[in-house]
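Enquirer: Okay, sequence plus prediction incoming.
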Amino acid sequence: MKDITEALARRLTAAGLTVAAAESLTGGRVAAALTGRPGSSEYFLGSVVAYANEVKTNILDVPTAVLLEHGAVSEACARAMAEGVRRRLGSNLAVATTGIAGPDGGSPAKPVGLVWLAVAGEEGVRTAEHRFTGNRRAVTAAATLEALKLLARVAGVE
């Protein structure tokens, strides 16, 4: 993970880009990875850990209709979270995570390990769905890494 955060730091700094995070499933791990190096204040603006739906709607402006129609673990919610934190914090890019880490909370339609990621930028929103296996720690670690990879792709890290 250190390699990807170093590459992201170089790219964001060189391009003069800023990033924000909206996390549910990962509980701040993406923000911790992005701020774990000196100089991260040059590109990282802030983060919202939006575990409760009320935080998603009241702070990140996720429409209640999205939560009612698609649920918190959905592409639509991840997209809205990324757009909301980008707008609220005024960043160039924003990354969002939502999913079911387990061991409980899954269903046949949305099993434990289902994760939706989104990165919002000036050119729109890119999303990714993943289905990870393992315990809660494994799912959140994998989701954190994949969120950073998606952010790196959108930011143009080679």
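Expert: Cool, the structure landed.
Enquirer: Tell me which stretches of this structure form strands.
Expert: Taking DSSP state E, the strands of the chain run over residues 19-23, 44-49, 93-99, 114-121, 124-131.
Enquirer: Name the strands paired with the last one and say parallel or antiparallel.
Expert: Pointing back at strand 124-131 there. strand 114-121 (antiparallel) (DSSP bridges).
Enquirer: do you know how far the most centrally placed residue in the chain is from Glu129?
Expert: Centroid-nearest residue in the chain: Ala96, 2.2 Å away (criterion: CA atoms, centre = their mean). Distance of Ala96 to Glu129, computed by CB to CB, to the nearest Å: 13 Å. Quick note: C-beta positions are derived from backbone N, CA and C, even for glycine.
Enquirer: By residue count, tell me the biggest helix in the chain.
Expert: Longest helix of the chain, by residue count under DSSP state H: helix 136-155.
Enquirer: so that helix versus strand 19-23, what angle?
Expert: 150 degrees (axes from the mean of the first three to the mean of the last three CA atoms, to 10 degrees).
Enquirer: Now helix 136-155: average pLDDT?
Expert: Averaging pLDDT along helix 136-155 yields 98.
Enquirer: which secondary structure elements does that helix contact?
Expert: helix 2-15, helix 29-34, strand 93-99, strand 114-121, strand 124-131 (3 or more CB pairs under 8 Å, 6 or more residues apart in numbering; DSSP states H and E).
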